[in-house]
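Undergrad: Pasted the sequence and its predicted model underneath.
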Amino acid sequence: MSYKMDLLNAYFGYDGFLPGQERAVDALLDGRDVLSIMPTGAGKSLCFQLPALMLPGVALVISPLISLMKDQVRSLIQAGVPAAYLNRSLTERQFDLALERAWQGRYKIIYVAPERLESPRFLRFARHTQLSLVAVDEAHCVSQWGTDFRPSYLKIPAFLDTLPQRPPLGAFTATATPEVREDILQKLQLDQPVLTTTGFDRKNLYFEVRHPQSKKAELLSILRRRPTDSGIVYCSTRKAVEEVCAYLQAQDISATRYHAGLSAEERQCNQEAFAQDTALVMVATNAFGMGIDKSNVRYVVHYNMPLDLEGYYQEAGRGGRDGGSADCILLYSGKDVITGRFLIEQGESPEGVDEKTVAALRQRQFERLKIMAAYSTTTGCLRRFILHYFGEDLPADCGSCSNCKAGWEEVDITRAARAILDAVDECSGRFGASTIADLLCGKESDRVLRWSLDRKRTFGCLSGQPVREVREQIRLLVEERYLVSSQGDYPVLSLGPRAKEAVSGGQVTMRRRIAPSRPAAAGRQVPSGAPLDEALFQRLRELRAQLARQKSLPAYVIFTDRTLREMAAQKPATLAEMAHISGVGSRKLDQYGQDFLQIIQLSSRPS
């Protein structure tokens, strides 16, 4: 076995590479720049961590979030890799001590915030230290057209130019449209990089969109069917997080919360409770997540529609990082679009960006919100929609998302379509979808009465249909260009280029779901062909949780669910046999092997 494979097994517990990993590793070892686009859970971190162990000197990893650095460094230390981080969470004394140890060559990997690259003390260290490589994690943050633009990332090339010798540069991300990918290449000034793209498809994720009457009742139903699973519930606002978390706790659900309005101490405490499986459900805004490496998340529920598909896919991708199945469920309401527009309009502008660029960025955000709403209402394959957005083509529908699994029927809505077009025309393009739907259904709402719309000849033309159904028909007519919805704070409807087709006798149809999809809770994938001993797996999880509490570590840092499942299936009888379990490196075998082996041996004894 080669030195590379020896280290891969000893420190990370793997006997082989996942797709795309080895090519990126070898390129950095050869001194080449790398751009690696790999989905969440595909093992991006190993692509720079393994070369860092093999090359002389220290590797710098530029990372945007403190939580990301802490998780990565904690996992590396548990695996026996000397690592540290330098960010604002350290006191001056802690920072000085870490930098002093770095000068002494006691680390192989140092995680650093991009803002630190301009610190005189850090620059002095970087210029006088042998840097084996520089890795830019979450590299999409360098792009103004991405969802997490960080102006400080633009200063990375200038930092590299100050070094006596430029080390190989690796850029890694899970979410990059073709436009963002080009931006990464240019803004980071990658030199003839080796490109590794393993695709965006996460086959172990199940995608579903639901349009419930009551989101709270629907969420509770989802969680009740997964009583022992760990999951994340994303909300768009802090207020929603507070309300949903309180509601779940009142229903005896083991839930905690996370948003930027909480103190740093409470956020840290709640995050650790979730990481150690003492709280099974994390209710959070998008402030929680990037770089959160919890491997056994079995479901991700979006209580509100996110602002864009990049953010949604990144957040949904926090499920099933261990390769096991995970459900990604979006609870959609038309009000989510209104909330989304408000959040974009009220959002803070990036520092150091001129007004013209801010206006262009905001317009891009509105366009991405529109695409996200289209995903939330499409009747087509959800997986295909996502992959197409990221520049990949799926030859056929996936057959496994909620839309593919649902039963559908083609419904003739020509009469309703003509009534809708007539009402829009009669109102001279002054009102939006909600008001037009109220008018047609004969609903004497405040808006209808305020504008005397109850006197229109189209008032009540569709009184036999629910308002919600008419709104859905209006959405379809906009999507198919029979109607046009304006941009702006208060979108209004006007006749579209295809309106004459419907009015002059053309048929209008729409797909309607006839069988709501309610899949079983996320399945359990066992890497081997052996059957899983579910009782043993639960006992191994209990031991892991006990050890995690004793050591104040996230449970997954000790062993992932994937590793425990393989133990419960293979039932190794000796430490030598346990060493062949995926994810059991030599350091973890020494630390924990005997404890887990004892549980396995006890379970194998005849009762």
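TA: Arrived safely.
Undergrad: how far away is Val241 from Ile66?
TA: Using CB to CB, to the nearest Å, we find Val241 at a distance of 20 Å from Ile66. Just so you know, the C-beta spots here come from the backbone N, C-alpha and C atoms, and that holds for glycine as well.
Undergrad: the more surrounded of these two?
TA: Val241 (25 against 18; other CB atoms under 10 Å).
Undergrad: which helices and strands sit right next to the helix or strand hosting that one?
TA: Under the criterion DSSP states H and E, the helix or strand holding Val241 is helix 238-250. With contacts defined as 3 or more CB pairs under 8 Å, 6 or more residues apart in numbering; DSSP states H and E, helix 238-250 has these neighbours: helix 215-224, strand 255-258, strand 281-284.
Undergrad: hmm, 6 Å instead?
TA: Using 3 or more CB pairs under 6 Å, 6 or more residues apart in numbering; DSSP states H and E as the contact criterion, the neighbours of helix 238-250 among helices and strands are strand 255-258, strand 281-284.
Undergrad: Just give me how far the least confident helix or strand in the chain by mean pLDDT sits from the chain centre.
TA: In the chain, no helix or strand scores lower on mean pLDDT, DSSP states H and E than strand 509-515, which sits at a mean of 74. Remark: strand 509-515 is offset 30 Å from the chain centroid, using CA atoms, centre = their mean, to the nearest Å.
Undergrad: Export the helix or strand just after that strand to CSV, keeping only CA atoms.
TA: The helix or strand immediately downstream of strand 509-515 is helix 534-551, counting by DSSP H and E. Extracted C-alpha coordinates of helix 534-551, given in CSV (Å, rounded to 0.1, in the frame of the first residue of the first chain):
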residue,chain,number,x,y,z
GLU,A,534,-31.1,-2.4,14.5
ALA,A,535,-31.0,-3.1,18.3
LEU,A,536,-27.2,-3.3,18.2
PHE,A,537,-27.0,-0.1,16.2
GLN,A,538,-29.1,1.7,18.8
ARG,A,539,-26.8,0.5,21.6
LEU,A,540,-23.8,1.7,19.7
ARG,A,541,-25.5,5.1,19.3
GLU,A,542,-26.1,5.2,23.1
LEU,A,543,-22.5,4.5,23.8
ARG,A,544,-21.4,7.1,21.3
ALA,A,545,-23.7,9.7,23.0
GLN,A,546,-22.3,8.8,26.4
LEU,A,547,-18.7,9.2,25.2
ALA,A,548,-19.6,12.5,23.4
ARG,A,549,-21.0,13.9,26.7
GLN,A,550,-18.0,12.9,28.6
LYS,A,551,-15.6,14.5,26.1
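Undergrad: Give me the buried stretch members for the very next helix or strand once past helix 534-551, please.
TA: The helix or strand immediately downstream of helix 534-551 is helix 555-558, counting by DSSP H and E. Buried residues in helix 555-558, counted by 16 or more other CB atoms under 10 Å: 555-558.
Undergrad: surely Gly496 meets Val484?
TA: Yes - Gly496 lies in contact with Val484 (CB atoms under 6 Å); the separation is 4.5 Å.
Undergrad: If the closest residue in space to Gln271 that isn't next to it in sequence is in a bridge, with which residues?
TA: Of all residues beyond its chain neighbours, the one nearest Gln271 is Tyr258 (6.4 Å), with distances taken as CB to CB, 6 or more residues apart in numbering. For Tyr258, the beta-bridge partners are Ala284 (DSSP bridges).
Undergrad: Run a quick neighbour tally on Tyr258.
TA: Residue neighbour count, defined by other CB under 10 Å, stands at 24 for Tyr258.
Undergrad: what sits against it?
TA: Contact analysis of Tyr258 by CB atoms under 6 Å, 6 or more residues apart in numbering lists 267, 270, 284, 288.
Undergrad: Tabulate the buried residues of helix 555-558 in JSON lines, adding columns for pLDDT and distance to Ala135.
TA: Listed next are these as JSON lines, based on pLDDT from 0 to 100; distance: CB to CB, whole Å:
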{"residue": "Ala555", "pLDDT": "82", "distance to Ala135": "26"}
{"residue": "Tyr556", "pLDDT": "80", "distance to Ala135": "22"}
{"residue": "Val557", "pLDDT": "82", "distance to Ala135": "20"}
{"residue": "Ile558", "pLDDT": "88", "distance to Ala135": "25"}
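Undergrad: Now render the residues you listed as JSON lines, adding distance to Thr435.
TA: JSON lines is the format used below for the buried residues of helix 555-558 (distance: CB to CB, whole Å):
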{"residue": "Ala555", "distance to Thr435": "51"}
{"residue": "Tyr556", "distance to Thr435": "50"}
{"residue": "Val557", "distance to Thr435": "54"}
{"residue": "Ile558", "distance to Thr435": "57"}
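Undergrad: ok, Arg512 to Glu472 distance?
TA: Summarising the geometry, the distance separating Arg512 from Glu472, computed by CB to CB, is 9 Å.
Undergrad: My error: substitute Lys356 in the last question.
TA: Distance, Lys356 to Glu472, using CB to CB: 38 Å.
Undergrad: next one: Ala326
TA: Using CB to CB, Ala326 is found at 29 Å from Glu472.
Undergrad: from what I can see Ser75 touches Tyr556, true?
TA: No - with contacts counted by CB under 6 Å, Ser75 stays clear of Tyr556, the gap being 8.4 Å.
Undergrad: Quick one, grab the pLDDT at the residue lying closest to Gly199 once chain neighbours are set aside.
TA: Take Gly199 and drop its neighbours on the chain: the residue closest to it by CB to CB, 6+ apart is Glu392, 6.2 Å away. You'll see Glu392 listed with a pLDDT of 86.
Undergrad: now do Ala521
TA: The predicted local confidence for Ala521 is 49.
Undergrad: picking up where we left off before, mind checking how far the residue nearest to Gln271 is from Asp277?
TA: Per CB to CB, Tyr258 is found 16 Å from Asp277.
Undergrad: All set, thanks.
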